[in-house]
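Engineer: Next comes the sequence, and after it the predicted model I'd like to discuss.
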Amino acid sequence: QVQLVESGGGLVQAGGSLRLSCAASGSIFSIRAMGWYRQAPGKQRELVASIIRGGSPYYVDSVKGRFTISRDNAKNTVFLQMNSLKPEDTAVYYCNADIQPTGLTWGYEFWGQGTQVTVSS
């Protein structure tokens, strides 16, 4: 059974920083891509940042220059460093990964349980 477990959310003032972590565990053969989505109340879930193994990271325009995604392939972990946070960054942040479980041919999409990030003005 593959699981994604997130940590690092919380409450921070505008201009502050938070670092989210997401660790994948279980019978994992390989992880192609890992990323972070967010969903604010009344809004659709949006892709914030993603990184493909061996590739360049992607960022949505609204976080470019403020957020940095990175991954530790040896630990099957992805991080999201969020600096210069704004109230509009307030949302539930979800970890997402394209994982090929051990013994299976294809990769499947997995989601974390979500972690709340609240930025006060």
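Structural biologist: It's in.

Engineer: wouldn't P57 be in contact with S50 here?
Structural biologist: Yes. Counting by Cβ atoms under 8 Å, P57 sits close enough to S50 to count as a contact (6.9 Å). (Each C-beta comes from the backbone N, C-alpha and C, glycine too.)

Engineer: Mind jotting down where the strands sit in the chain?
Structural biologist: 3-7, 10-13, 18-25, 28-39, 46-52, 58-59, 67-72, 77-82, 91-101, 108-111, 115-120 (DSSP state E).

Engineer: buried residues in the fifth one?
Structural biologist: Think strand 46-52. Neighbour-count burial for strand 46-52 flags 48-51 (criterion: 16 or more other Cβ atoms under 10 Å).

Engineer: what packs against it?
Structural biologist: strand 28-39, strand 58-59, strand 67-72, strand 77-82 (3 or more Cβ pairs under 8 Å, 6 or more residues apart in numbering; DSSP states H and E).

Engineer: As JSON lines, those with distance to T118, mean neighbour count and mean pLDDT would be great.
Structural biologist: Formatted as JSON lines, the helices and strands packed on strand 46-52 follow (distance: least, Cβ to Cβ, whole Å; neighbours: other Cβ atoms under 10 Å; pLDDT from 0 to 100):
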{"stretch": "strand 28-39", "distance to T118": "12", "mean neighbour count": "19", "mean pLDDT": "96"}
{"stretch": "strand 58-59", "distance to T118": "21", "mean neighbour count": "16", "mean pLDDT": "98"}
{"stretch": "strand 67-72", "distance to T118": "16", "mean neighbour count": "17", "mean pLDDT": "97"}
{"stretch": "strand 77-82", "distance to T118": "12", "mean neighbour count": "22", "mean pLDDT": "98"}
